[in-house]
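>>> Give me coordinates for this.
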Amino acid sequence: ARFFPAHSLLARADNRQGSSRSPLVPHRSPSCCQLPQKCVMRILVAEDDPLLADGLMRALRGAGYEVVTAPTGAAGLQAAREHHPDVVLLDVRLPDADGVEICRQLKNDPTLPDIFVALCSGEARSSNHKVTGLDSGADDYLLKPIQLDELRARVRNLVRLRETTVALRASEQHFRQLVD
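Take a look at the predicted model:
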């Protein structure tokens, strides 16, 4: 992964509530060139319900994100490794896999160091389900059905967390270079 100086990551448009800024930030994806640039944040939606997946895709694209969809756990893992999304919205109950286990695999994949995952469920709604999901490494746990404004707010929050994590990693790397 390529990281950019913290100042380039933090020099962004005002992000106060109500801001209409586009989700553009420097991106570490292989699809971007090697120089720091503004790229659209990429979201992977792993959801087996085609109507729900289409609705999520439309809502997120309408908010300015690039969206990749996958109908199964295996397809979700493959899409994550191919497209290096910034955020994954991962259904807990996929036809071929447990979303919590897919989350563990994503979070433990060294090729995806700064991936943020939100588990989504309409069935696994208990406190124990949420705790298990969050303990697997998930960064958020969304209950279906979810209002679109809440979905967009939670995705914005995950994007901010990712930006901060990348900036911190870049700052640490810069500090180590200065010390060494």
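>>> Only C-alpha atoms from now on, for both contacts and neighbour counts.
OK.
>>> did I read that right, Leu112 in a strand?
No. According to DSSP: H, G, I helix; E, B strand; the rest coil, the state of Leu112 is coil, so it is not within a strand.
>>> quick one: the closest residue to Ala53 other than its chain neighbours from Gln78, how far?
Distances taken as CA to CA, 6 or more residues apart in numbering put Glu47 closest to Ala53, at 5.6 Å, once the chain neighbours are dropped. From Glu47 across to Gln78, the span is 14 Å (CA to CA, to the nearest Å).
>>> who's more crowded, these two?
Between Glu47 and Gln78, counted using other CA atoms under 10 Å, Glu47 has the larger neighbour count: 27 against 13.
>>> In contact with the residue nearest the centre of the chain: list those residues for me.
Per CA atoms, centre = their mean, the C-alpha nearest to the average position across the chain is that of Val87, at 0.8 Å. With contact set as CA atoms under 8 Å, 6 or more residues apart in numbering, Val87 has these partners: Arg42, Ile43, Leu44, Ile115, Phe116, Val117, Ala118, Val155, Leu158, Val159.
>>> pLDDT for these - can I get that in TSV?
Formatted as TSV, these follow (pLDDT from 0 to 100):
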residue	pLDDT
Arg42	97
Ile43	98
Leu44	98
Ile115	96
Phe116	97
Val117	98
Ala118	98
Val155	97
Leu158	97
Val159	95
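>>> so where's the chain uncertain?
Residues of the chain meeting the criterion pLDDT under 70: 1-38.
>>> show me where it has strands.
24-26, 38-40, 42-46, 66-70, 87-91, 116-121, 140-143 (DSSP state E).
>>> Mind checking those for the one nearest to Val131?
With CA to CA as the measure, strand 140-143 is the member of the strands of the chain nearest Val131 (9.0 Å).
>>> Only the buried members of the contacts of Val87: can you turn that into a PyMOL selection?
Selection of the buried residues among the contacts of Val87 in PyMOL, burial being defined by 16 or more other CA atoms under 10 Å:
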select buried, resi 42+43+44+115+116+117+118+155+158+159
